[in-house]
Every structure is written in C-alpha cells, then in structure tokens.
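Undergrad: My questions concern the predicted model and sequence given below.
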Amino acid sequence: MNLSTRFRRFAVLAAASFAVAGPASAGDFIFRNGIEPRAVTGTMTINGFPMPVPSGAGVSGSHIAGSGTYGGKFYFPSASFTAPINGLGVVTLTVQWIHLDTSTSQFFDNTTATVGVTEMYFNLQSAVVSGTPVPLSNCAFGPVTWSLVGTWNATTAQASQTGFVIPPLQGSNCSGFGTQISNSIAGSNNSVNLSIDIRP
C-alpha cells in the first residue's frame with residue numbers, strides 16, 4: 001500500500017474515531033471506554049519557527065493516571081504555519097502532522113513518563129505565496145520519530161524532545177518546490193512539548 005493510499009485511509013479513520021458533537025473542548029475528550037481520545041495540547045518548533053499544537057489534537061488508547069504501558073494513535077488537525085522559504089519569501093503553509101503507526105507511552109512509579117511516536121509525517125497541504133494560494137502535492141516529510149521524556153501526575157502527562165529529525169524531500173516533491181521547501185523545513189532544529197490529559 002503506497003503512502004498516498006495510507007494517508008487517505010488514515011483520514012477516513014481519524015474522522016470517524018475523533019469526531020465529537022459541537023465545538024471541541026477539553027471536556028469533549030475525557031477518555032471513556034477506550035474509545036474517545038485524550039486531549040493533547042502543547043507547542044512545537046519546526047526549524048526554529050514556532051508552531052502551536054492545533055486545537056482538537058488528541059491521542060487514542062488507554063492512557064490513564066497510573067503506572068503502566070499504553071498504546072495509542074495521535075491525531076493533529078490541520079494548522080497554519082509561517083516560515084521563510086528560500087526563493088519564495090515568507091510563506092504561510094497549511095500543514096498537518098499525520099501519525100500512521102501507534103505510539104507507546106510508559107508511566108513509571110517514580111512519575112517519569114516516556115512517549116515514543118513512530119512513523120509521523122509532516123504533510124504540507126498548501127501554501128500562500130505573496131497572497132496567492134498554491135496547492136502542494138506529494139509534500140509529506142517523513143517518517144519522523146519522536147522520543148519524548150517527561151513526567152506524569154494525577155491529571156497530566158507532560159513530555160518533550162529537542163532535536164528530532166525531519167528528513168529532506170526531492171526537488172520534484174511539493175509541486176516542484178521540494179528543494180526550496182526542504183531547505184527551510186528539513187533538519188534537526190526542531191522540538192515538541194506535549195501535554196496529555198490522563199484524568200480517569
């Protein structure tokens with residue numbers, strides 16, 4: 001199964017698994033019966049440029065406030081991200097982190113928390129260049145691996161990582177802008193800081 005097909009399948013499953021009635025709020029995501037996702041908030045930097053975790057992010061699975069090992073799948077809605085792109089100037093990108101694998105979280109008795117997330121893709125969907133919308137095709141950077149470390153308590157698991165790597169794309173990617181965009185996105189000047197709601 002090629003990556004494009006996997007993205008389409010993921011989008012359908014994500015929409016079904018993470019839909020909630022009405023506007024999303026923290027209360028919508030309180031975990032019940034192993035079905036609804038845990039709310040995820042936080043911040044990221046991509047090549048040194050800030051990008052908040054978009055509202056409505058979540059992780060499925062059995063995460064609870066107790067020591068143990070928990071699996072799940074992260075979901076991040078599309079979001080805007082502004083960065084200078086070589087040769088194009090300051091560009092506003094519509095992007096989405098897409099998680100195609102499952103995560104493994106470990107909460108230890110000493111309140112240490114680790115969150116391992118494999119096969120993440122930083123998918124650039126479109127750009128606005130000098131006020132002109134530009135659709136982007138075949139513009140998914142990855143796979144990206146996160147190995148976050150932090151702590152957990154009765155309500156929240158908080159974990160972070162600095163220096164995760166976003167691999168480059170070929171010039172033919174991103175509707176022919178692959179080289180310019182890679183020069184501004186790919187690399188290891190990245191960080192992620194996530195808070196997961198783990199209230200029972």
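TA: Thanks, I have the structure now.

Undergrad: Show me what secondary structure element comes after the helix or strand harbouring residue 45.
TA: In this assignment (DSSP states H and E), residue 45 forms part of strand 38-46. As assigned by DSSP H and E, the chain's next helix or strand after strand 38-46 is strand 49-52.

Undergrad: What residues sit buried inside that next one?
TA: Within strand 49-52, the residues scored as buried using 16 or more other C-beta atoms under 10 Å are residue 51. C-beta coordinates here come from the backbone N, C-alpha and C atoms, glycine included.

Undergrad: What is it packed up against?
TA: With contacts taken as 3 or more C-beta pairs under 8 Å, 6 or more residues apart in numbering; DSSP states H and E, strand 49-52 sits against strand 38-46, strand 79-85.

Undergrad: Do a quick rundown of the helices in this protein.
TA: Secondary structure of the chain by DSSP state H: the helices cover 3-18, 178-185.

Undergrad: averaging pLDDT over each of these, which comes out lowest?
TA: Sorting the helices of the chain by mean pLDDT places helix 3-18 lowest, at a mean of 42.

Undergrad: Longest strand in the protein, please.
TA: strand 112-129 (DSSP state E).

Undergrad: Give me the pLDDT for the residue nearest to residue 68 when sequence neighbours are not counted.
TA: Residue nearest to residue 68 in three dimensions, not counting chain neighbours: residue 107, with 6.0 Å by C-beta to C-beta, 6 or more residues apart in numbering. On the pLDDT scale, residue 107 is placed at 96.

Undergrad: what's across from residue 107 in the sheet?
TA: Taking DSSP bridges, one finds residue 68, residue 113 as the beta-bridge partners of residue 107.

Undergrad: Tally up the residues packed near it, please.
TA: 23 (other C-beta atoms under 10 Å).

Undergrad: what's the answer for residue 78, then?
TA: That count, for residue 78 with other C-beta under 10 Å as the rule, works out to 15.

Undergrad: Can you tell me who the closest residue to residue 88 other than its chain neighbours pairs with across the strands?
TA: In space, and not counting its chain neighbours, residue 88 is closest to residue 129: 5.4 Å by C-beta to C-beta, 6+ apart. Taking DSSP bridges as the rule, residue 129 bridges to residue 91, residue 132.

Undergrad: Pull the contacting residues for residue 129.
TA: Listed by C-beta atoms under 8 Å, 6 or more residues apart in numbering, the contact partners of residue 129 are 85, 88, 89, 91.

Undergrad: how about the longest strand of the chain as CSV, C-alpha atoms only?
TA: Only the C-alpha atoms of strand 112-129 are listed here, as CSV (Å, rounded to 0.1, in the frame of the first residue of the first chain):
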residue,chain,number,x,y,z
THR,A,112,8.8,9.6,34.9
ALA,A,113,6.9,9.4,31.5
THR,A,114,8.2,8.4,28.1
VAL,A,115,6.2,8.8,24.9
GLY,A,116,7.5,7.1,21.7
VAL,A,117,5.8,8.0,18.4
THR,A,118,6.9,6.4,15.2
GLU,A,119,6.0,6.9,11.5
MET,A,120,4.9,10.6,11.8
TYR,A,121,4.7,12.6,8.6
PHE,A,122,4.7,16.4,8.4
ASN,A,123,2.3,16.9,5.5
LEU,A,124,2.3,20.3,3.7
GLN,A,125,-1.1,20.7,2.1
SER,A,126,-1.0,24.2,0.6
ALA,A,127,0.9,27.5,0.7
VAL,A,128,0.1,31.2,0.3
VAL,A,129,2.9,32.9,-1.5
